[in-house]
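**Q** have a look; sequence and predicted model below, questions after that.
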Amino acid sequence: MPRKELINWGIKPLNIGKPARKRRRSLGIRERQILYERAKGRCEACGKKISFSEMQVGHKRAYSKGGATTLANSVCLCYKCNKLQGTDSFETLKKKLAGTYRKRSKKSKSRKTRKKTPKLFDIRLSKIKI
């Protein structure tokens, strides 16, 4: 059968011999140096001074969520901040560090307050003076 007829039937031809292109997962040494200089030797999340060997490259948008491995999508992080970020975005990491992540505002509090159960044996001993 000719190739055009196969395509018309919805059958895709195999591309034998052409390797699939892999996306880059990490930055090269020169890009890491540029990133370190851009961050002025500090973690971009917490501001801690770090050496070049301590620096870890994080993504603004996670690689696992479709983020590219480019200088525009990369940030200079310390070990602690990189582990805290996980697969979250860089904006979420900033919220985590600021202490505002997953906290409700005063207006949107809709949780029911639990009633305190009375303690069965609430014994208080007064101080005895001798």
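**A** That came through fine. Nothing here was measured: the structure is a model prediction, and the numbers come from that model. Numbers count the residues shown, from 1 in each chain.

**Q** three-state assignment of residue 44?
**A** Using DSSP: H, G, I helix; E, B strand; the rest coil, the structure places residue 44 in coil.

**Q** phi, psi for the nearest residue to it once chain neighbours are set aside please.
**A** Nearest non-adjacent residue to residue 44, counting by CB to CB, 6 or more residues apart in numbering: residue 75, 4.6 Å away. Yep, even glycine has a C-beta here, placed from its N, CA and C like the rest. Taking degrees, to the nearest 10, you get phi -130, psi 150 for the backbone angles of residue 75.

**Q** cool, residue 28 as well?
**A** Per-residue torsions, residue 28: phi -80, psi 170 (degrees, to the nearest 10).

**Q** go on, residue 76?
**A** According to degrees, to the nearest 10, residue 76 has phi -90, psi 120.

**Q** contacting residues for it?
**A** For residue 76, the contact set (CB atoms under 8 Å, 6 or more residues apart in numbering) comprises 35, 36, 38, 39, 42, 43, 44, 50, 55, 56, 57, 58.

**Q** which of these fall within strands?
**A** 56, 57, 58 (DSSP state E).

**Q** who wins for most neighbours among those residues?
**A** residue 58 (26 neighbours; other CB atoms under 10 Å).

**Q** just the pLDDT at that residue, thanks.
**A** For residue 58, the pLDDT comes out at 91.

**Q** for residue 106, same thing?
**A** As predicted, residue 106 sits at a pLDDT of 61.

**Q** all helices of the protein, in order?
**A** Per DSSP state H, the chain carries helices over the ranges 3-8, 29-38, 79-85, 90-98.

**Q** which ones are touching residue 44?
**A** 75, 76, 77.

**Q** related to what we said a few turns ago, just name the most buried of the helices of the chain.
**A** helix 79-85 (a mean of 17; mean count of other CB atoms under 10 Å).

**Q** now that one: average pLDDT?
**A** Helix 79-85 carries an average pLDDT of 92.

**Q** that older thread, make a markdown table out of the contacts of residue 44 and add distance to residue 83.
**A** A markdown table is the format used below for the contacts of residue 44 (distance: CB to CB, whole Å):
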| residue | distance to residue 83 |
| --- | --- |
| 75 | 14 |
| 76 | 15 |
| 77 | 9 |
